[in-house]
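**Q** pasting the sequence and the predicted model now:
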Amino acid sequence: MTTHIDEGRLQALIDDELRLDERHRLEMHLSGCDACRAELQALRELSGRFAAAMADLPRLPRRASGLARVGAGSRSARLRRMLPRAAVFLVFVGAAASATIPGSPVRRWLGIERGPAVAATRDTGDAVQELPGPVAVDEPAPPMEAGVSVEAADGAVEIVLRDAGGDLTVRALLVDGTRAGVYARGDASSSRFLTGAGRIEVVSPRAGELRIELPREAALITVVVNGREYLRKQDGRLDLRVGEADAPADGIEFSVQP
Amino acid sequence: MTGPQRDPASFGALYEALQPSLVGYLERMVGDGDIAEDVAQEAFLRLLRRTDLDGDDARLWIYTVATNLVRDHGRSVARRQRLLTARPVKPSPAPAPDVEVERGERVGRVRAALQRIPERDRQLLLMREEGFRYQEMAEAVGVAPGSVGTLIARALKRFEGVYRGEENDDDAHR
């Protein structure tokens, strides 16, 4: 008797919350179950529509002087009672803020750079690696509305990230088929996506997570970040050209280098 | 002020790193930027006294505290609403929107839909958008980690149902 995958585990698969062995078991099941694949697709699209809706919400303009509002008379009665304390640490924060360095370890341990992308060192001698077998799905994941996908053009795909921030985590996965995709999570959902024949450009992914799906059947794939070629897939091999990477079983995960 | 407090430099770094995203999360939770900033300030004032928290622990703690403050604020607003209903006060007219109309309408629908789904759904969906992992979300809302995927899937469906309903209402009024 075949049992289907419940929506909770499908959602966990979408959100990268499964252990590797469980993920592989689910993918094996999905490769042979139309009903579960359809359910997974529906949940992916639902996630994408929610992310697109959130991307519509404007972020507040950042006021480092948020503390100054406390002194200027915030509406909260409780805060007004705390004004003397707020005034004291207003001075401290001013001093501390000037000492904070962008890209410092503080950002990592505060969880702004999520996931293991701040890299484990891999002593491979060079950055070339042979990848294991294909992800066991019959077709690439359908696009979320916070991402886009394109067909390879003449067997080639180019992914370009412009103005990418140092807090961005990128995960590149090889998938079956001829369609490339870029999907955004978190802050990266508010990036602009542009497409052309065999080309996807993501503008200003300052932080958050991007998942790039690279079609195994494309003969040539390049991923360019801020004008530098980071990844190249050619002749069946996936090369990381810049920095260090962490390697999940089916792809490469890296962070943007300064 | 009595009791231990954080080292100012480390607190400043935490504030610098967490405040923008926390305010953004709260603004989506309550739909009001002023309240979001006030609640964030309150949460940071409380964090000042917690010298035992750092890193991911501090981040999860402050989001949880801020969410609880929002809940408390919501209850006090509800109490005030009940008083106002008993003695109704004529509201002032809303100002005309100063944004592109279509996008403004979309933003309004999203905000309204967020406010209409259950509080736990809203918290889970917004924490997920902020990049929290299931384990952290489970701790924040008080459920088993294994149930978070199901709760999120259902929350997404509820949001979709409410959001599409808002869209249909808008279309009907055109």
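**A** Structure received.

**Q** show me what contacts residue A:46?
**A** If a contact means Cβ atoms under 8 Å, 6 or more residues apart in numbering or on different chains, then residue A:46 has B:153, B:156, B:157, B:160 as its contacts. Just so you know, the C-beta spots here come from the backbone N, C-alpha and C atoms, and that holds for glycine as well.

**Q** which non-adjacent residue is nearest the third one?
**A** Residue nearest to residue B:157 in three dimensions, not counting chain neighbours: residue A:46, with 6.8 Å by Cβ to Cβ, 6 or more residues apart in numbering or on different chains.

**Q** same question for the second one.
**A** Taking Cβ to Cβ, 6+ apart as the measure, residue B:156 lies nearest to residue A:46, with 4.8 Å between them; neighbours along the chain are not counted.

**Q** the residue nearest the centre of chain B and residue A:175, how far apart?
**A** Note on chain B: the residue nearest the mean C-alpha position is residue B:29, at 2.4 Å, using Cα atoms, centre = their mean. Remark: distance between residue B:29 and residue A:175 (Cβ to Cβ, to the nearest Å) = 35 Å.

**Q** need the helices for the chain, in chain order.
**A** Going with chain A. Here chain A has its helices, by DSSP state H, at A:7-14, A:20-32, A:34-56, A:66-73, A:77-81, A:83-99, A:105-109.

**Q** chain B, not that one
**A** Secondary structure of chain B (DSSP H): helices at B:8-30, B:33-47, B:55-86, B:101-116, B:119-129, B:134-141, B:148-173.

**Q** what's the spacing between the residue in chain B that chain A sits nearest to and residue B:38?
**A** Nearest residue of chain B to chain A, counting by Cβ to the nearest Cβ: residue B:12, 2.1 Å away. Per Cβ to Cβ, residue B:12 is found 20 Å from residue B:38.

**Q** which one of those two is surrounded by more residues?
**A** Shown here are residue B:12 and residue B:38; by other Cβ atoms under 10 Å in any protein chain shown, residue B:38 has more neighbours (24 against 21).

**Q** quick check, pLDDT for the more buried one.
**A** In this prediction, residue B:38 carries a pLDDT score of 91.

**Q** do residue A:129 as well
**A** pLDDT, read off for residue A:129, is 42.

**Q** likewise for residue B:12?
**A** The confidence metric pLDDT takes the value 87 at residue B:12.

**Q** check residue A:211 too.
**A** 87.

**Q** go on, residue B:113?
**A** Looking at residue B:113, the pLDDT reads 92.

**Q** how near is it to residue B:35?
**A** From residue B:113 to residue B:35 the distance is 19 Å (Cβ to Cβ).

**Q** got it, and residue B:124?
**A** 20 Å.

**Q** neighbour count winner among the two?
**A** The neighbour comparison of residue B:124 against residue B:35 (other Cβ under 10 Å) goes to residue B:124, with 25 against 20.

**Q** residues contacting that one?
**A** Neighbour list for residue B:124: B:137, B:141, B:148, B:151, B:152, B:155 [criterion: Cβ under 8 Å, 6+ apart].

**Q** then residue B:120?
**A** B:141, B:151, B:155.

**Q** same question for residue A:203.
**A** A:162, A:163, A:191, A:192, A:193, A:194.

**Q** quick check: the gap between it and chain B.
**A** 18 Å (Cβ to the nearest Cβ, to the nearest Å).

**Q** ok, what's across the strand from that residue?
**A** When bridges are called by DSSP bridges, residue A:203 pairs up with residue A:162, residue A:192.

**Q** buried residues, stretch A:30-49. List them.
**A** Buried residues in stretch A:30-49, counted by 16 or more other Cβ atoms under 10 Å in any protein chain shown: A:30, A:33, A:36-37, A:39-40, A:43-49.

**Q** same check on stretch B:130-144?
**A** Quick answer for stretch B:130-144 (16+ other Cβ under 10 Å): B:130, B:131, B:132, B:133, B:134, B:136, B:137, B:138, B:140, B:141, B:143.

**Q** pull the most distant pair out of those residues.
**A** Greatest spatial distance among the buried residues of stretch B:130-144 (Cβ to Cβ): B:131 and B:143, at 18.8 Å.

**Q** what's around residue B:164, how many residues?
**A** For residue B:164, using other Cβ under 10 Å, the count is 13.

**Q** how much space separates it from residue A:49?
**A** 10 Å.

**Q** now swap in residue A:35 and tell me
**A** 21 Å.

**Q** which residues touch stretch B:134-149?
**A** For stretch B:134-149, contacts defined as Cβ under 8 Å, 6+ apart pick out A:7-12, A:15, A:17, B:56, B:60, B:63-64, B:67, B:120, B:123-124, B:127-128, B:132, B:151.

**Q** and the buried ones among those residues, selectable in PyMOL?
**A** Buried residues within these, by 16+ other Cβ under 10 Å, are selected in PyMOL with:
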select buried, (chain A and resi 7+8+9+10+11+12+15+17) or (chain B and resi 60+63+64+67+123+124+127+128+132+151)
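
**Q** re the thing from before, what would the contacts of residue B:124 look like in a markdown table with pLDDT?
**A** As requested, these are exported to a markdown table (pLDDT from 0 to 100):
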| residue | pLDDT |
| --- | --- |
| B:137 | 95 |
| B:141 | 94 |
| B:148 | 97 |
| B:151 | 98 |
| B:152 | 97 |
| B:155 | 97 |
